[in-house]
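J.: here's my sequence, what's the structure:
(one chain, ligands or ions: 2)
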Amino acid sequence: MPSTPLPPRRPLTRREFIAGSASLAALALGGCSAAATRATRTQVPAQPFKLGIASGDPSSDSVVLWTRLAPRPAEVGGGMPQEAFDVGWQVADDEAMSRVVRSGTAVADPRWGHSVHAEVDGLRSDRWYWYRFTCGDEVSATGRTRTLPNAGASPDKLRFAVANCQKWEPGYYTAYEYLIREHPDIVLFLGDYIYEKDSDSDGVRPHGQKEVKTLDDYRIRYAIYKSDPALQAAHAVAPWFVTWDDHEVNNDYAGAISERPDVTPAEFLQRRAAAYQAYYENMPLRRTAMPSGPDLQLYRRFEYGRLARFHILDTRQYRTDQLAGPRMQPLAGVPVDPGATILGAEQKAWLFDGLRQSPAAWNAIAQQVLMARIDLREGVDALVDVDKWAGYEHERREVLRFLESARIRNPVVLTGDIHENWANELWNDFDSPEPRPVAVEFLGTSISSSGDGTDRPDYLEDLLRENPCVKYHNNERGYLVCEVTPKQWRTDFKTVEYVTRRGAPLNTRASFVIESGDPHLHLV
Ligand code: FE
Ligand code: CA
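T.: Ligands and ions are numbered 1, 2, ... in the order given. Modelled structure (predicted):
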């Protein structure tokens, strides 16, 4: 059924807020004036919550609440004076915000784009909470968030959504209108939150901005994307764990290497510093992810009790350059080079430690680029994309052999990037006559990138015939819903029939399950 967006609840006026609030003291706490020791009270110039609100990176007793003040989001500076503001926040037990359990004040600093990252602690485990912000007379919409179960708990079930690749111009975010109705406990976002290039003039909603390279440019690009009501609603429905891919900085970059050979690493790192800062400013991340120059620590873990451990990777910041030459290269010619890395030595050691020590029934590895080695045949040559794990074949094999030899419990790789749905078995030895799967990989398609797709593309039969490790493929837009219990993991591929017009119907195109202890995919 075609849908209408469910935008976040309209921000309240001051009068409505006071009428609805049982806690006037909390409002006083969060009063809005320029921060620090300024004598002059400074009101925000206009409603400052136009980029929405978000929460992220919950633990069993805390969560990060995010917003960014920008009364005029499309302008440099967001329409805010160049001074710091106090922003009040409240966390309540109920949607009406009548039982406030935590409140406080955070500083929105112009040096950080007037962003707010309030780390709220002292919360109870495994519970839903509601939150909102205040600034001067203005009150934000109310968002919903939750804490995780305790590390030792044994939850029966986790239901989460996977999204990625939300290029603005090619289509509407209809997929998010449906995602918010799935009631996910968590949303995982796997990269390409923005795209950095010149606005596509042939998309259905060109934004008109040139390629972004400076901090001010990146801030505005985020503001354009974050103006979408369906995206705001998706942030307000559950806490997100985010990671990035290339387009948050520059297409296909690798570590300090730009996609453009005429840009030096020193020049590129300046751009990366601007892009990483804007990323931090616009995401519900903890202080541990505050960037320092061109570096930002994004890989991290979280536990959903003993049911699942999530290892969230960054396959962009530490990788060595892609193989020289074209993106698509003959499989036989791709060297198995031990010097090439997509994780970097430190992250790889951290990943292996975290997997080896995991007490969880399921180990989800949430990352960016295709891990299965797929023959993307064009004519007679077997081709692989060297920007993906296949271009770092030595390390790809090392990871898969580790999963097998260390007997890691139920590894499930979650991937974004290529704007297509895939369900793959990851084999221990691609060239063996009897390869065994050691893990499975689900690729979640894009929210909007690449525009309308098709359920059964014309290359599908060839692809499935040439690649018996591939069990499903589709190239429509949408998201994944994963439901995890101690015995079984289920993934639903949810797609919308088009994105170039609003109101597309939703389909569940396929569902797969894996039974604990057996990394074979079963079509439901
Ligand atoms: Fe993408
Ligand atoms: Ca990408």
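J.: tell me the secondary structure at the residue in the stretch 51-200 of the chain that ligand 2 sits nearest to.
T.: Residue nearest to ligand 2 within the stretch 51-200 of the chain: residue 192 (4.8 Å; Cβ to the ion). Backbone N, C-alpha and C define where each C-beta goes, glycine included. Using DSSP: H, G, I helix; E, B strand; the rest coil, the structure places residue 192 in coil.
J.: I'd assumed residue 416 was in contact with it.
T.: Yes. With contact defined as Cβ atoms under 8 Å, residue 192 counts as touching residue 416 (6.9 Å).
J.: which residues do those two both contact?
T.: Residues touching both residue 192 and residue 416 by Cβ atoms under 8 Å, 6 or more residues apart in numbering: 164, 165, 245, 446.
J.: what sits against the last one?
T.: When the contact criterion is Cβ under 8 Å, 6+ apart, the partners of residue 446 are 164, 165, 166, 167, 192, 416, 419, 477.
J.: most neighbours among these, which one?
T.: residue 477 (32 neighbours; other Cβ atoms under 10 Å).
J.: what separation do you get for that one and ligand 2?
T.: 15 Å (Cβ to the ion, to the nearest Å).
J.: try residue 403
T.: Applying Cβ to the ion, the value for residue 403 to ligand 2 is 24 Å.
J.: help me confirm that that residue is found in a strand?
T.: No. Secondary structure of residue 403, determined by three-state DSSP: helix, with no strand assignment.
J.: follow-up on the earlier one: which single one of the shared contacts of residue 192 and residue 416 is nearest to residue 520?
T.: Checking the shared contacts of residue 192 and residue 416 against residue 520 with Cβ to Cβ, the nearest one is residue 164 at 25.4 Å.
J.: the residue nearest the centre of the chain - nearest residue in space that isn't next to it in sequence?
T.: The residue lying closest to the centre of the chain (Cα atoms, centre = their mean) is residue 189, at 1.8 Å. Nearest non-adjacent residue to residue 189, counting by Cβ to Cβ, 6 or more residues apart in numbering: residue 242, 4.4 Å away.
J.: count the neighbours of the one you found for me.
T.: 25.
J.: surely it touches residue 285?
T.: Yes. Between residue 242 and residue 285 there is a contact at 7.2 Å, judged by Cβ under 8 Å.
J.: between those two, which contacts overlap?
T.: Taking Cβ under 8 Å, 6+ apart as the contact rule, the neighbours common to residue 242 and residue 285 are residue 56.
J.: near ligand 2, which residues of this structure show up?
T.: Within the chain, the positions near ligand 2 by Cβ under 5 Å from the ion are 192, 245, 246, 417.
J.: for those residues, which one is nearest ligand 1?
T.: Closest approach between the residues of the chain next to ligand 2 and ligand 1, by Cβ to the ion: residue 192, at 3.5 Å.
J.: how about the contacts made by residue 495?
T.: By Cβ under 8 Å, 6+ apart, the neighbours of residue 495 are 175, 421, 445, 453, 455, 474, 476, 477, 478, 506, 507, 509.
J.: repeat that with 6 Å
T.: 476, 478, 507, 509 (Cβ atoms under 6 Å, 6 or more residues apart in numbering).
J.: leaving aside the residues next to it on the chain, what's closest to the second one?
T.: Nearest residue to residue 478 in three dimensions, chain neighbours excluded: residue 495, at 3.6 Å (Cβ to Cβ, 6+ apart).
J.: beyond the helix or strand in which the one you found is found, next helix or strand please.
T.: Assigned by DSSP states H and E, residue 495 falls within strand 488-496. Once strand 488-496 ends, the next helix or strand along the chain (criterion: DSSP H and E) is strand 506-515.
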